[in-house]
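**Student:** Structure for this input, please:
(one chain, ligands or ions: 1)
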Amino acid sequence: MAEHQVDAVVIGAGPGGYHAAIRLGQLGKSVICVDRDEVGGVCLNWGCIPTKALLHVGEVIRHIDHAEAIGLKVPKATVDRAGVEKFKNDVVASNVGGVKTLFKANNVQFMYGEASFVSPNEIALKGKDGSSERIRAAHIVIATGSAPIDIKAWPRDGKRIINSDDAVGIKQIPKTMLVIGGGVIGLEFATVYTRMGAQVLVVEALPQILTGSDLEISKTLGRILKKQGVEIMLDTKVAALETTAKGVKATIAGAGTGGKDETREFEMALVAVGRRPVTDALNLAAAGLAVDEKGFLAVDARMRTKVAHIYAIGDVTGQPLLAHRAMKQGVIAAEVIGGDTSAAFDPIAIPNCVYTDPEVATVGLSEEEAKAKGYEVRIGKFPLAASGRARTMNESDGLIKLVGDAKTDLLLGMHIVAPQAESLIGEGVIALEMGATLEDIGLSIHPHPTLTEGIMDAAEAAHGKAIHIVNPKPKAPVGAAK
Ligand code: NAD
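**Tutor:** Numbering: from 1, shown residues only. Down below sits the predicted model:
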């Protein structure tokens, strides 16, 4: 049995793990990164990257569908499933290859295998062929991520009842599809499959899609998705799901006339009801660790678990389950291991993006959250319909909404439904981190013509000063910013 001794071992090569490993290598530490699957984890292989490749295909289909409106005669797009699959797989392969190159360049040794603790400083690594190796390390970083929650009563068969790992494979494009869960995964795949020609119903148990997001933003997205042909039922539960010869039969609670249960048949059902942390194979007890009641590992701001030389980062440490949070946590853990006494994960704001078409991007407090925290809010809104740049793109449906503190004028949250929202939100992240006021944002000269001007207009609208929209009656006199 081969044995290794290194400064640090990182368990999991997803976005959190590979960031930690690369930074450890940059800091001159000897580091082994292990994974029982492909380098890149869910993000690169089954999540962020492949879904965005599919969503890009969907967006191109939409542009082709709407080409006539901008004076182009283009035949209707037909989906070559194998061609789309190849494009997506090539994108994944080049991203995975990129991380492997960075591993090499930074002296990170990657080893395939399933890791489990033997003791607080030693892990056993079981290879696919049954081989076993031991790695001793002064520091261990757990970055084992999350997996889709499967519902026991509705066993996944990968064909008729699928989860997000299956959906990204687009092995078939069903004529009809039920999406259970109106969260980010449900809505992103509803967008992909609708664009590819499926008739999609999204059933969400709670009263809004994207629960937790600003209500007005959630409603704006819901309205746009419905216009695109996605059927959405809110406050409605899928109570039962069974497979049939042709697909699935779903009992949708209270969806029928008079609030009676309705039974509907679909070719396929996607279960998108959340993700769970993955720690199953780790044998945490041997390290002196245990998960909390939700299955997550508790860490401090320096990413240390209760065993000081064992760190945990990313989805396994709790909400929000976002790749960019994991990435930053990975870097912090590496820097703490490297001896940086001030490194800590202490963000003011973590942005959240949903890659529907148009995208939704948010950072900071929603209007509802700000009010619940006792703020007197000052709201600035700018509908995309008033944006010259949006009109040139023939993409005028959307909303930019800023939530500010009426007392201090400080920005509390930025919420966007717009094309490129995922890039536009970068301005909100910086503004929140730097403590910008709505007035600061309004006074900053934004390039013309761009969608970013809408952020400036929304900030100005909060003070009744927007130029491109008719201002709502200001609560405070014009000019009284503070
Ligand atoms: P989610 O928790 O965001 O949404 C699941 C939804 O399913 C909830 O709104 C819930 O009310 C609903 N639901 C549960 N049981 C139901 C039932 N029987 N009938 C109808 N509705 C039901 O979970 P998700 O969408 O699976 O995403 C999981 C995680 O992955 C999230 O934390 C998200 O942050 C992360 N993620 C992020 C991105 C991104 O940043 N773009 C993309 C994918 C995933």
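**Student:** Asp37 touches Asn45, doesn't it?
**Tutor:** Yes. Here Asp37 lies in contact with Asn45, judged by CB atoms under 8 Å, at a distance of 7.2 Å. C-beta: built from backbone N, CA, C; applies to glycine.
**Student:** distance of Glu38 from the ligand?
**Tutor:** 18 Å (CB to the nearest ligand atom, to the nearest Å).
**Student:** quick one: secondary structure of that residue?
**Tutor:** Classification of Glu38 by DSSP: H, G, I helix; E, B strand; the rest coil places it in coil.
**Student:** shouldn't it be in contact with Val96?
**Tutor:** Yes. Here Glu38 lies in contact with Val96, judged by CB under 8 Å, at a distance of 6.1 Å.
**Student:** Mutual contacts of the two, please.
**Tutor:** 44-45 (CB atoms under 8 Å, 6 or more residues apart in numbering).
**Student:** ok, now which ones touch whatever residue of the stretch 1-150 of the chain ends up closest to the ligand?
**Tutor:** At 5.9 Å from the ligand, Gly47 is the closest residue in the stretch 1-150 of the chain, using CB to the nearest ligand atom. For Gly47, the contacting residues are 41, 164, 168, 323, by CB under 8 Å, 6+ apart.
**Student:** Could you pick out the residues of the stretch 251-400 of the chain near the ligand for me?
**Tutor:** Neighbours of the ligand within the stretch 251-400 of the chain, by CB under 6 Å from any ligand atom: 272-275, 320-322, 353-355.
**Student:** Recalculate using a threshold of 8 Å.
**Tutor:** 272-275, 315, 319-323, 352-355 (CB under 8 Å from any ligand atom).
**Student:** Ranking by neighbours, what's the top pick from these?
**Tutor:** The most neighbours of any of those, using other CB atoms under 10 Å, belong to Asp315, which has 30 neighbours.
**Student:** how close does it get to His324?
**Tutor:** Distance, Asp315 to His324, by CB to CB, to the nearest Å: 12 Å.
**Student:** which one of Asp37 and Asn45 has more residues nearby?
**Tutor:** Ranked by neighbour count (other CB under 10 Å), Asp37 and Asn45 place Asn45 first, with 21 against 15.
**Student:** give me the number of residues near the closest residue to Val79 other than its chain neighbours?
**Tutor:** Excluding the flanking residues, the one nearest Val79 by CB to CB, 6 or more residues apart in numbering is Met196, at 5.2 Å. The local packing of Met196 (other CB under 10 Å) involves 20 other residues.
**Student:** try the one 3 residues further on
**Tutor:** Applying other CB under 10 Å, we find 15 residues neighbouring Gln199.
**Student:** again with Ile445
**Tutor:** Around Ile445 there are 7 residues (other CB under 10 Å).
**Student:** I'd like to know the phi and psi angles of it, please.
**Tutor:** phi -80, psi 120 (degrees, to the nearest 10).
**Student:** That one and Thr452, how far apart?
**Tutor:** Distance from Ile445 to Thr452, by CB to CB: 10 Å.
**Student:** Over to Arg23?
**Tutor:** Distance from Arg23 to Thr452, by CB to CB: 31 Å.
**Student:** cool, Phe103 as well?
**Tutor:** Distance of Phe103 to Thr452, given as CB to CB: 36 Å.
**Student:** Likewise for Gly113?
**Tutor:** Taking CB to CB, one finds Gly113 at 46 Å from Thr452.
**Student:** likewise Met303?
**Tutor:** Per CB to CB, Met303 is found 34 Å from Thr452.
**Student:** and what of Leu322?
**Tutor:** 23 Å.
**Student:** hang on, Met393 packs against Pro419?
**Tutor:** Yes. Using CB under 8 Å, Met393 is in contact with Pro419, at 6.5 Å.
**Student:** Which of those two has more residues huddled nearby?
**Tutor:** Counted by other CB under 10 Å, Met393 and Pro419 do not tie: Pro419 has more neighbours, with 21 against 17.
**Student:** dump the residue contacts of the more buried one.
**Tutor:** By CB under 8 Å, 6+ apart, Pro419 lies in contact with 357-359, 390, 393, 395, 398, 451.
**Student:** could you list every residue that touches the residue of the stretch 51-200 of the chain found nearest the ligand?
**Tutor:** Among all residues of the stretch 51-200 of the chain, Gly183 sits closest to the ligand, at 2.0 Å; criterion: CB to the nearest ligand atom. Contact partners of Gly183, counting by CB under 8 Å, 6+ apart, are 204, 209-211, 272-274.
**Student:** Return, as residue ranges, the portions of the chain with sub-threshold pLDDT.
**Tutor:** Applying pLDDT under 70 to the chain picks out residues 474-482.
**Student:** Please enumerate the strands of the stretch 151-300 of the chain.
**Tutor:** Using DSSP state E, counting those that start in this stretch, the strands found in the stretch 151-300 of the chain span residues 161-162, 176-180, 199-203, 231-233, 237-243, 248-253, 262-266, 268-271, 275-277.
**Student:** Break down the stretch 1-150 of the chain into its helices, ranges please.
**Tutor:** Remark: helices assigned in the stretch 1-150 of the chain by DSSP state H, counting those that start in this stretch are 15-26, 41-45, 48-65, 81-105.
**Student:** Would you mind finding the most buried of those helices?
**Tutor:** Of all those, helix 15-26 has the most neighbours on average by mean count of other CB atoms under 10 Å, namely a mean of 28.
**Student:** Since that was my last question, I'll sign off now.
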